[in-house]
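**Student:** Predicted model and sequence follow; I will ask about them next.
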Amino acid sequence: MKQLSGNFYYRKQANQAPSWVRGQLTITEDGHFGTFKADATADGDYFLPGFCDVHCHIGFAAVGQIATPQEALAQAEADRDCGILAIRDCGNLEYAPGILGNPALPPIIRCGRHIARPKRYMRLLPIDVENLSDLPQVMASQAQKSDGWVKIVADWIDRSNGADSDLDPLWPTEILQEGIAAAHEAGARVTAHAFSHKAIAGLLEAGIDCIEHGSGIDAEQAQECARRGIPVTPTLLQVELFNQFAAQAGQKYPVYAETMRKMWEGRREHFAMLYDAGVQLLPGTDSGGYQPHGELGRELALWERGGIPAREIIDFATWRARDYLGVGALEPGARADYLRYSSDPSSDLEMAVKPEKVALLGREFATKAPVS
Ligand SMILES: [Zn+2]
């Protein structure tokens, strides 16, 4: 039995807000937290629960490219080193050997493959549903292959409309409703890629559990997300790229370009609106493809720039996200996964995303600076 001594962002049980307490926390032989003994005189390091990345693609290299097994391993290590100790992948292909279940890497909650329609997402990545009526069966089958999550692509440019092409929903609401019901029936929650405003009403009506990007959510819909407990993963690093997407679409797709440019221009106000509405914000880097791995700090720095205090960002990105994923934080019985600092990281975001050590199942790893 090991014992840690110092300042812990501790709580007695899951789904409860932690607070800073000094004392000693034991770690059991099988790598879980044991008992905590408060001790106001305890001196030592500071311990936070690990960060989450709920939108992270390990195994995707450059856009549309599949990483080699070595690259995939390096991606997972880079994520761990910036303090990400739990991942929901948000859509992936097969994992390279040695990634899933590796005790030296963050545990990964799989969402199965992206589900889209032909020509309505990046090539190679999704399962393309040819017949709309197959959606429920495809979602149920991904639910069986995943770890309790299914990822659908709710909108994408529809190039079949030529110069009028815009971001448009992929699915009629009724079929979406049947698909989500089928995933729920199979025991999974459903999250959706949604950039546009047009896709949101249908998702809410169809019973979506979680929204990725969410850049088109309006104020009324944000209130509804807050009220119904539907979190949003704002992926601000990805939204920062919308003006580039607009420029690339340029002359050929002016309507789409305008949609993307408008959302890019309003991105700061939009993020503040989601926060003010009380939506639960989930940390997601969308790394793999457009974004490098190991850079959660860059995503969260944009949250801070958006007006959220560092303490609250740390809450959103650690225990609140961990509760949402069901992976526990610093409490008895949870996996002994933690971040370790020699001084108090709780109001310094830059420090918080550079832990001196990280631990998985009680085993500590020294961290490396991310490779830029
Ligand atoms: Zn993604």
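**Tutor:** Ah, there it is.
**Student:** contacting residues around the spatially most distant residue from the centre of the chain?
**Tutor:** With distances taken as Cα atoms, centre = their mean, the residue sitting farthest from the centre of the chain turns out to be residue 41, at 37.4 Å. With contact set as Cβ atoms under 8 Å, 6 or more residues apart in numbering, residue 41 has these partners: residue 22. The way it works is simple: take the backbone N, C-alpha and C, and place the C-beta from them, glycine included.
**Student:** helix or strand for it, which one?
**Tutor:** Counting by DSSP states H and E, there is no helix or strand that carries residue 41.
**Student:** any idea how far it lies from residue 7?
**Tutor:** Separation of residue 41 from residue 7 (Cβ to Cβ, to the nearest Å) stands at 12 Å.
**Student:** shared neighbours of those two, which are they?
**Tutor:** residue 22.
**Student:** Can you give me the separation between the residue nearest the centre of the chain and residue 144?
**Tutor:** Centroid check for the chain by Cα atoms, centre = their mean gives residue 54 as the closest residue, at 1.8 Å. Counting by Cβ to Cβ, the gap between residue 54 and residue 144 amounts to 21 Å.
**Student:** isn't residue 43 right up against residue 23?
**Tutor:** No. The pair residue 43 / residue 23 is not scored as a contact, 10.9 Å apart, by Cβ atoms under 8 Å.
**Student:** Tell me the pLDDT of residue 173.
**Tutor:** Turning to residue 173, the model gives it a pLDDT of 98.
**Student:** I should have written residue 94 there, sorry.
**Tutor:** Confidence at residue 94, expressed as pLDDT, is 87.
**Student:** Next up, the contacts around it.
**Tutor:** Counting by Cβ under 8 Å, 6+ apart, residue 94 has contacts residue 59.
**Student:** State the distance from it to residue 222.
**Tutor:** Distance check for residue 94 against residue 222: by Cβ to Cβ, it reads 36 Å.
**Student:** One more: residue 208?
**Tutor:** 14 Å.
**Student:** Kindly report the same for residue 21.
**Tutor:** With the distance defined as Cβ to Cβ, residue 21 ends up 35 Å from residue 222.
**Student:** Now do the strands in the stretch 1-150 of the chain.
**Tutor:** Secondary structure of the stretch 1-150 of the chain, counting by DSSP state E, counting those that start in this stretch: strands at 2-10, 19-27, 33-38, 45-49, 51-53, 84-88, 108-109, 115-116, 127-128, 149-153.
**Student:** and residue 334, how many residues sit next to it?
**Tutor:** When neighbours are counted by other Cβ atoms under 10 Å, residue 334 registers 18.
**Student:** all helices of the protein, in order?
**Tutor:** Counting by DSSP state H, the segments of the chain that form helices are 69-81, 135-145, 173-185, 200-206, 219-228, 236-239, 242-249, 254-265, 267-276, 296-305, 310-315, 321-325, 349-352.
**Student:** Just put the ones you listed in CSV and tack on distance to residue 1.
**Tutor:** Formatted as CSV, those follow (distance: least, Cβ to Cβ, whole Å):
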stretch, distance to residue 1
helix 69-81, 24
helix 135-145, 38
helix 173-185, 41
helix 200-206, 47
helix 219-228, 43
helix 236-239, 41
helix 242-249, 51
helix 254-265, 52
helix 267-276, 42
helix 296-305, 31
helix 310-315, 29
helix 321-325, 24
helix 349-352, 28
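**Student:** Which stretch among the ones you listed approaches residue 160 most closely?
**Tutor:** Each of the helices of the chain was checked against residue 160 via Cβ to Cβ, and the shortest separation belongs to helix 254-265, namely 12.4 Å.
**Student:** and the angle for the closest one with helix 267-276?
**Tutor:** On the basis of axes from the mean of the first three to the mean of the last three Cα atoms, to 10 degrees, helix 254-265 is oriented at 60 degrees to helix 267-276.
**Student:** Give me the angle between helix 254-265 and helix 242-249.
**Tutor:** Orientation note: helix 254-265 sits at an angle of 160 degrees relative to helix 242-249 (the same axes, to 10 degrees).
**Student:** what mean pLDDT would you report for helix 254-265?
**Tutor:** Per-residue pLDDT values across helix 254-265 average out to 97.
**Student:** tell me which strands and helices it is in contact with?
**Tutor:** Contacts of helix 254-265 with other secondary structure elements, assessed using 3 or more Cβ pairs under 8 Å, 6 or more residues apart in numbering; DSSP states H and E, are made with strand 167-169, helix 242-249.
**Student:** so what pLDDT did the spatially closest residue to residue 1 that is not a sequence neighbour get?
**Tutor:** Of all residues not flanking residue 1 in the chain, residue 26 sits nearest, at 5.5 Å (Cβ to Cβ, 6 or more residues apart in numbering). The predicted local distance difference test score for residue 26 is 98.
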